[in-house]
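J.: Show me the folded form of this:
(chains A and B)
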Amino acid sequence: MLSIIRWGGGPMRNDIGYRIKYHRESRNMTQSELAEGIISVSYLSKIENGKAEAPEEIINFLCEKLDIKFNSNDMKNLKSICEDWFKALFNQDLEKAHTLYKEIAKNKESITSNSLLNLVEIHILRYFLINNKQCEANLHYKKLRRLSKQFNEKESYYWLKFNGYYWFSLSSYNKALIYFQKAERYLHFTSYEIDEEEYSLYYMIALTASYDKKARIVYEYASKALQYYERKVKLKQAAECHLLLGITFVRNKDFEDAIESFALAQKIADTIGNNDLLATSLQNIGNLYSILNKSNEAIAYYKQSYELRNTTQSKIVPINSLMIEYYKTQDIKKANYWLETGQRVLSEDETPSIYRYELEVYNLLINGIVEKQLEKLVLNEVIPFLDNRGQHHEKVPFLELLANYYFDNRKYKLAAIYFNQALKIKSNL
Amino acid sequence: MRGDNQMKKLLGLFLALSLIFTAGYTMNSNDYLVTEEDQHEPFHEEHPKGN
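T.: Next comes the predicted model:
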């Protein structure tokens, strides 16, 4: 039986009421059961709700009856562990975050500060997300939604920000953007490294807006973040901002500025020896040349980008680009080579993805289409898949492929329907 | 005489309509399409990672 109480007073003192309530409820005790022989039920109720401060002696009795211990020194130590953990999560230091999480999970019941406990619970969502534990994140998200009504401003900031990361991880960029922008309103309630916090949020707003095809927001936030990261000589982050701006310039057909931004990103990536960033820069330069109908240059950049990648997930991006570019130039043999390479790369992973569907569609185009196969694939699988994820703009190339197919087969009415659908999506962008 | 004029008018209309339909049918198929430039979606762009 543990009943060690060393009460230091201070701001944490009021939180003990919430903790008593938490432990009483988790032991399925009623207020009258706990209060019996110590204090009145109404007094206990006031303590639990933070409306009355009980003398140390009474807290001692209540804790003893609940079989919990409270030591203010332990609490201070735990608070500093939690803060280190929050920082490790912010910096995506996975190893440190994991070690500290184990320590916190072991002692979570000893956290007497309600606010700290809320922050820990909120950061657990972030912990699951950066470790790609989507199922755990889904469950924890539901739990947090129930708790969120009682969050103060600081807790609300992290809840809204991690809400953004949560929807981002599910590729629901529109929702993610809404939450990131809501978080921005609470920015000044964060307590430490405010600048870092601010510009990391700006970068996420720009990135999410870019996925959501909102050019003005990308430009505004990526420019602000870029200025800060350049000033602080944070080269990796600056290169990422250049990439976002480059993508936005390409979409606005401002090709000169686009190539300049991509070249800067490429130069920085090369200087700091960051292959991931370099591969992404080269992929985007390849895409730019592809749009300008300079297939030879596009292919050369896609190949360089492919050579730099190590993981299956990232290799598929230039592989599909090479397949499509060769198909565009009607070099069917090479298009087929990259189609087969893509199929091999994705053979171990059955998860549906845009890249898998792209391979399936081009397999039909390269190897011949049996009656209505393309129509079935695009209309019954690809379009519903993209609709479910809210990625309406990604439907355009598939609708245009289908429309062109009908046109080539002299089915002009069907061709017109799908061209029209594609145009409607484009005009909404 | 009046009937002849009407016949001529009808024949002229028929010929004009035939020409329009024939021209529409034999027109280069690319005339119906959106331009090559419009068709290219910047689909293979690649975003940097989140922080």
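J.: Name the SS class of residue 44, please.
T.: Since no chain was named, I'll use chain A. Here A:Leu44 is recorded as helix under DSSP: H, G, I helix; E, B strand; the rest coil.
J.: my bad, chain B
T.: Under three-state DSSP, the three-state class of B:His44 is coil.
J.: Just the pLDDT for it.
T.: Per-residue pLDDT puts B:His44 at 85.
J.: B:Phe14 too?
T.: 75.
J.: What strand or helix carries it?
T.: Under the criterion of DSSP states H and E, B:Phe14 resides in helix B:2-26.
J.: now swap in A:Asn132 and tell me
T.: If you go by DSSP H and E, A:Asn132 is not part of any helix or strand.
J.: Would you agree A:Asp276 is in contact with B:Lys49?
T.: Yes. Judged on Cβ atoms under 8 Å, A:Asp276 makes contact with B:Lys49 at a distance of 7.4 Å. Every C-beta, even on glycine, is put in place using the N, C-alpha and C of the backbone.
J.: Straight-line length of stretch A:178-196, end to end?
T.: 21 Å (Cα to Cα, to the nearest Å).
J.: Next, see if that stretch gets close to chain B.
T.: No. Against chain B, stretch A:178-196 shows no contacts by Cβ under 8 Å from any Cβ of the partner chain, the least distance being 9.9 Å.
J.: if I look at A:Ser321, how far off is chain B?
T.: 4 Å (Cβ to the nearest Cβ, to the nearest Å).
J.: Can you tell me the closest non-neighbouring residue to the residue of chain B found nearest chain A?
T.: The minimum distance from chain B to chain A, using Cβ to the nearest Cβ, falls at B:Pro48 (4.0 Å). Using Cβ to Cβ, 6 or more residues apart in numbering or on different chains and skipping residues adjacent in sequence, the residue nearest B:Pro48 is A:Glu240, 4.0 Å away.
J.: Going along the chain from the host helix or strand of A:Glu95, find the next helix or strand for me.
T.: Assigned by DSSP H and E, A:Glu95 belongs to helix A:94-107. Going down the chain from helix A:94-107, the next helix or strand is helix A:114-130, by DSSP H and E.
J.: Look at A:Asn293 and tell me its secondary structure.
T.: coil.
J.: gap between it and chain B?
T.: For A:Asn293 relative to chain B (Cβ to the nearest Cβ), the value is 8 Å.
J.: now do A:Lys372
T.: Taking Cβ to the nearest Cβ, one finds A:Lys372 at 22 Å from chain B.
J.: What strand or helix carries A:Ile369?
T.: Applying DSSP H and E, one finds A:Ile369 in no helix or strand.
J.: mind checking the backbone torsions on it?
T.: phi -110, psi 130 (degrees, to the nearest 10).
J.: Now it. Nearest residue, chain neighbours left out?
T.: Closest to A:Ile369 by Cβ to Cβ, 6+ apart is A:Tyr405, at 7.3 Å.
J.: In what element of secondary structure is that neighbour found?
T.: helix A:395-408.
J.: in the helix or strand just after that helix, what's buried?
T.: Counting by DSSP H and E, the next helix or strand C-terminal to helix A:395-408 is helix A:412-428. Of all the residues in helix A:412-428, those buried under the rule 16 or more other Cβ atoms under 10 Å in any protein chain shown are A:415, A:418-419, A:421-423.
J.: Show me which of these is closest to chain B.
T.: Distances from chain B to the buried residues of helix A:412-428, taken by Cβ to the nearest Cβ, are shortest for A:Phe419, at 6.5 Å.
J.: Tell me if I'm right that the closest one and A:Leu402 touch.
T.: No. Using Cβ under 8 Å, A:Phe419 is not in contact with A:Leu402; the gap is 9.3 Å.
J.: Just the mean pLDDT for the helix or strand hosting A:Ile47, thanks.
T.: In this assignment (DSSP H and E), A:Ile47 forms part of helix A:41-48. Here helix A:41-48 scores 90 as its mean pLDDT.
J.: Return the set of buried residues in it.
T.: Neighbour-count burial for helix A:41-48 [16+ other Cβ under 10 Å]: A:43-48.
J.: Can you give me the neighbour number for the residue of chain A found nearest chain B?
T.: Closest to chain B within chain A is A:Glu240: 4.0 Å, counting by Cβ to the nearest Cβ. Look at A:Glu240: counted by other Cβ atoms under 10 Å in any protein chain shown, it has 29 neighbours.
J.: Packing partners of the host helix or strand of it?
T.: Here A:Glu240 sits within helix A:235-251, counting by DSSP H and E. Under the contact criterion of 3 or more Cβ pairs under 8 Å, 6 or more residues apart in numbering or on different chains; DSSP states H and E, helix A:235-251 touches helix A:194-211, helix A:215-231, helix A:255-272, helix A:275-291.
J.: Return the most buried member of the ones you listed.
T.: helix A:275-291 (a mean of 24; mean count of other Cβ atoms under 10 Å in any protein chain shown).
J.: For the helix or strand following that one, list every residue counted as buried.
T.: As assigned by DSSP H and E, the chain's next helix or strand after helix A:275-291 is helix A:295-307. For helix A:295-307, a neighbour-count test (16+ other Cβ under 10 Å) marks A:295, A:298-299, A:301-302, A:304-306 as buried.
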